[in-house]
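K.L.:
got a structure for you, letters missing:
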C-alpha cells in the first residue's frame, strides 16, 4: 500500500521562474493538502483540495495555485518565484474527517 | 490569527530519562489536536488525534493528555531511547462547518536522546 509520494525531491530554480510540484495521495484518500515549511518554523497551510476543488486556502498569495485530478493526485504551482519561497513543501492526504494526515517526504525548493 | 505554541523549542536528554513537552492552542472553537513525530530524512508520522477534553492516549512509551478548556496538551515519553530523537509537532484544527480543513502547526520541539 503506497503512501503519499511527492516529486521531485529537490529542485533549484531562479527568481522569477515558475515551478510545479506533484503529489500522489495514499491509496483510498481523497483529500490533499499542501504545506510550506520554512527553516525553524512549523508547516504552514497553503491550501486543501477535495473533489477537484480548492476547499480551503491559507494566507498565501495568488502566485500559489493548485489542481487536483480525478485520480486525487495534486499539483502545486508557484509563479514568479521569490527568494523567500525557498522551503520544504509537504503534501498530505487524509481520508475520513477527523483522521490524521499522511505526509509525503516533501520537495525541497531552493530559489536563487 | 491562531497561535499554536510549543515548548521547549529543543530538549537534550539521556537515554532512559522520561520527558514531556507542551503544546498550547486556542481554547475556543476546538475541533481536534494532532501530534506528529518527524524524524530526520523521513515524513511526519501521526502519533495521536485527540478530540475530547480529558482525552488520554498512549502508544508504547509515548502518551498524551488534552485539556481543551485551558488550551494545552502534554506529550510524555517514558524511558527515552535514541530512536525517539525527532521533532515533535502538534497541530490544532478549529471547529467550523467541516471536520476537514487546515491544521495550524506549532514550531515543534526538537528532542535529542543521548546514549
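P.N.:
Good, I have the coordinates. Small disclaimer: the values here were computed from a predicted structure and weren't measured. Numbering: from 1, shown residues only, chains lettered A, B, ... in the order given.
K.L.:
how about the residues of chain B that lie near chain A?
P.N.:
B:4, B:6, B:32, B:34, B:36, B:41-46, B:49, B:51, B:89, B:91, B:98-108 (Cβ under 8 Å from any Cβ of the partner chain). Every residue, glycine included, has its C-beta placed from N, CA and C.
K.L.:
If any of these are buried, put those into a ChimeraX selection.
P.N.:
The ChimeraX command for the buried members of these (criterion: 16 or more other Cβ atoms under 10 Å in any protein chain shown) is given here:
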select /B:4,6,32,34,36,43,44,46,49,89,91,100,101,102,103,104,105,106,107,108
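K.L.:
Which members of the residues of chain B next to chain A are positioned in strands?
P.N.:
Among the residues of chain B next to chain A, DSSP state E puts B:6, B:32, B:34, B:36, B:45-46, B:49, B:89, B:91, B:104-105 in strands.
K.L.:
Those into TSV, with extra columns for distance to residue A:16?
P.N.:
Shown next, in TSV, are these (distance: Cβ to Cβ, whole Å):
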residue	distance to residue A:16
B:6	36
B:32	40
B:34	36
B:36	34
B:45	36
B:46	37
B:49	41
B:89	33
B:91	33
B:104	31
B:105	29
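K.L.:
And these, which two are furthest apart?
P.N.:
Spatially, the most separated pair among those is B:45 and B:104, at 18.9 Å (Cβ to Cβ).
K.L.:
Next up, the contacts around residue B:26.
P.N.:
Residue B:26 makes contacts with B:2-3, B:71, B:92, B:94, as judged by Cβ atoms under 8 Å, 6 or more residues apart in numbering or on different chains.
K.L.:
for residue B:107, same thing?
P.N.:
A:40-42, B:5-6, B:9.
K.L.:
Which of those sits closest to residue A:105?
P.N.:
residue A:42 (17.2 Å).
K.L.:
if we can go back for a sec, can you flag the buried ones in the contacts of residue B:26?
P.N.:
Buried by 16+ other Cβ under 10 Å: B:71, B:92, B:94, out of the contacts of residue B:26.
K.L.:
now, which of the residues you listed sits nearest residue A:31?
P.N.:
Residue A:31 lies nearest to residue B:94 out of these, by Cβ to Cβ, at 16.8 Å.
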